[in-house]
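1. The sequence isn't on hand, but the structure is:
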């Protein structure tokens, strides 16, 4: 038995699930997911199997009455007890180190911690991961409703801009990166579809673009905009990464920030984030 603790939002959780699935398959063991610290977005949005122990608490803690009975602290206690019962030992992965040497420490009875932001962590299970990360039908219907009025005769170039906490952490991308990519894609047959946590910024920074649409949809609808885009301009977020990775169009063009969170610096971070990706890396 091995385990992983979900941390962060949707993009991070997708990486963590992909890693633990691939690792369990390689080791020939079962796995479970510790859901004690955050909302389980992957189980909410994707048709990921919930049988067995993988999502035990998703079944138990959502039963009417148990939601209140099992407080946050009791939930943490449940997972602590589980860790002791299976005698799991902590194994920590560092995003500043290359994935492949770290993979050598994978073993049964491990409790894994990390963000695992590279295809290198699951590259032998790519086909499986693509099948597992299928969005639930009700959210697919929401997406279809959201795009029904967009012009069908235009290619959709989806632009993801993350600001918010990225500005506070000083890892946001400069507007020049986006202007550069937009200039390369712009044309009469293109509609730029913007996804952002700061729509006011879009209105002012890109006011020169007449051929644009600014999404005000939910995160799972916006993710499908990326997945179904004809072209993509990515931010340096895990959410953006998955939107492009799950997009299977062979003729798409993808622009991405070189060195990702270390954009403008010498070395890539997280290390391995660009592995196996044939994108246009802008600096």
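-> Yep, that arrived. Remember, predicted model here, so these are calculated numbers, not experimental data.

2. Stretch 149-165: which residues count as buried?
-> By neighbour count on 16 or more other C-beta atoms under 10 Å, the buried set for stretch 149-165 is 154-163. (Glycine included, C-beta is placed from N, CA and C.)

3. Among those residues, which one sits closest to residue 37?
-> residue 162 (21.7 Å; C-beta to C-beta).

4. Give me the phi and psi for that closest one.
-> Main-chain torsions, residue 162, degrees, to the nearest 10: phi -110, psi 130.

5. And residue 97, by the same measure?
-> Main-chain dihedrals, residue 97, degrees, to the nearest 10: phi -120, psi 150.

6. Local confidence estimate at it?
-> Looking at residue 97, its pLDDT is 97.

7. and if you look at residue 54?
-> We have a pLDDT of 50 for residue 54.

8. ok, back up a step: so which of the buried residues of stretch 149-165 belong to helices?
-> Among the buried residues of stretch 149-165, no member is found in helices (DSSP state H).

9. Dump the residues you listed to a markdown table, plus distance to residue 176 and pLDDT.
-> What follows is those, written out as a markdown table (distance: C-beta to C-beta, whole Å; pLDDT from 0 to 100):
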| residue | distance to residue 176 | pLDDT |
| --- | --- | --- |
| 154 | 25 | 97 |
| 155 | 23 | 98 |
| 156 | 23 | 98 |
| 157 | 18 | 99 |
| 158 | 19 | 99 |
| 159 | 14 | 99 |
| 160 | 16 | 99 |
| 161 | 13 | 98 |
| 162 | 16 | 97 |
| 163 | 15 | 95 |
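
10. Let me know the closest of the residues you listed to residue 12.
-> The closest of the buried residues of stretch 149-165 to residue 12 turns out to be residue 162 (C-beta to C-beta; 13.2 Å).

11. State the distance from the closest one to residue 201.
-> Per C-beta to C-beta, to the nearest Å, residue 162 is found 11 Å from residue 201.

12. Check residue 216 too.
-> As judged by C-beta to C-beta, residue 216 and residue 201 stand 14 Å apart.

13. Report the contact partners of the residue lying closest to residue 246 once chain neighbours are set aside.
-> Take residue 246 and drop its neighbours on the chain: the residue closest to it by C-beta to C-beta, 6 or more residues apart in numbering is residue 227, 4.7 Å away. Counting by C-beta atoms under 8 Å, 6 or more residues apart in numbering, residue 227 touches 135, 243, 246-247.

14. how much space is there between residue 227 and residue 275?
-> Counting by C-beta to C-beta, the gap from residue 227 to residue 275 is 20 Å.

15. about what we covered before: among the buried residues of stretch 149-165, which are in strands?
-> Using DSSP state E, the members of the buried residues of stretch 149-165 that fall in strands are 155-161.

16. In a markdown table: the residues you listed, plus distance to residue 206.
-> As requested, those are exported to a markdown table (distance: C-beta to C-beta, whole Å):
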| residue | distance to residue 206 |
| --- | --- |
| 155 | 17 |
| 156 | 16 |
| 157 | 12 |
| 158 | 14 |
| 159 | 8 |
| 160 | 13 |
| 161 | 9 |
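
17. Strands of the stretch 1-150 of the chain, start to end?
-> 2-5, 31-34, 89-92, 110-113 (DSSP state E, counting those that start in this stretch).

18. And the contacts of the first one?
-> When contacts are defined by C-beta under 8 Å, 6+ apart, strand 2-5 is touched by residues 16-17, 19-20, 23-24, 27, 29-34, 36-37, 79, 82-83, 86, 88, 108-113.
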